[in-house]
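Peer 1: compute the structure for the input listed below.
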Amino acid sequence: MNTKKLGFLASVLFASLMFSTHAHAAKVYQVATDAAYAPFESLNSKKEVVGFSVDILEAIAQKTGMKIKFINTPWEGIFATLPNGDRDMVISSVTITPERKQSMDFSEPYFEAKQLIAVNKKNKVSKFTDLKTIKVGVQTGTTGDEVIQKLQGKTSPNIKRFESTPLAIKELENGGVDAVVADNGVVVNFVSNNPKSNLKTIDDATFAKEYYGIAVKKGNKALIEQLNKGLAAIKADGTYEKIYTKYFGK
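Peer 2: Here you go, the predicted model:
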């Protein structure tokens, strides 16, 4: 074999090895989600993380060529995983708020939500201010927790905090609290799928619109740009609408 051919084969082999190494080393983004928030994030019978938020991020990843891995992460402490590098993103029905934007960055909104009240059908509560002197269940550290604090006061003994909204609703079913305040999508999903729970929902005009975003480490502009590009793409080609209809209808 002549030296030219040998050199050519060596260069091909080197390029192949470099490509293989690069492909093997492609970053897999670790995504934190508290999978106790159906229909947005929950675990199926195979213990896989599924839901609206999951499908949205998977569609974004497909559009942008990103590799992602969902990791079920408890809500308490979920945001601390970003600055310490344990997770690259958090997608867990996270409402974009001015306070949260001080310590993390967000993608453009991928869902519009608001708070909703759940009570027993026999309960005479009809509006948010009726909750001022009764026991209310919330998920710790959520916007539901924040709005009830503004009504009752931060140190109110009537605010009962739980690790997840389903646990708060279960306490409502058992009579341990008189009402639950939580994101509308989760409350409606639970009540509609549990007709024997004897619960009803109450909307209140004072509840402001909220927007869910994908959270990343503060200052990671490149990742935010990538996420926003993918989100815009799935909205433009109809993918977002298909996913939305799958979970919430038209």
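Peer 1: need the contact list for the most centrally placed residue in the chain.
Peer 2: With distances taken as Cα atoms, centre = their mean, S92 lies nearest the centre of the chain, 1.8 Å away. S92 is in contact with A32, T33, D34, Y37, F40, E41, S53, T73, W75, I78, counting by Cβ atoms under 8 Å, 6 or more residues apart in numbering. Every C-beta, even on glycine, is put in place using the N, C-alpha and C of the backbone.
Peer 1: I'd like those residues as a markdown table, with secondary structure and distance to K160 appended.
Peer 2: Below are the contacts of S92 laid out as a markdown table (DSSP: H, G, I helix; E, B strand; the rest coil; distance: Cβ to Cβ, whole Å):
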| residue | secondary structure | distance to K160 |
| --- | --- | --- |
| A32 | strand | 25 |
| T33 | strand | 24 |
| D34 | coil | 19 |
| Y37 | strand | 18 |
| F40 | coil | 23 |
| E41 | strand | 23 |
| S53 | helix | 26 |
| T73 | coil | 23 |
| W75 | coil | 16 |
| I78 | coil | 21 |
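Peer 1: nearest to E173, of the residues you listed?
Peer 2: Nearest to E173, judged by Cβ to Cβ, of the contacts of S92 is Y37 at 17.6 Å.
Peer 1: so the closest one touches L167, yeah?
Peer 2: No. Using Cβ atoms under 8 Å, Y37 is not in contact with L167; the gap is 11.4 Å.
Peer 1: when those two are compared, which one has more neighbours?
Peer 2: Y37 (25 against 15; other Cβ atoms under 10 Å).
Peer 1: report pLDDT for the more buried one.
Peer 2: Y37 is assigned a pLDDT of 91 by the prediction.
Peer 1: show me the contacts for it.
Peer 2: G51, S92, S93, S164, T165, D183, V186.
Peer 1: separation between the fourth one and E108?
Peer 2: The reference is to S164. As judged by Cβ to Cβ, to the nearest Å, S164 and E108 stand 27 Å apart.
Peer 1: neighbour count: these two, which is higher?
Peer 2: Between S164 and E108, counting by other Cβ under 10 Å, S164 is the more crowded of the two (20 against 15).
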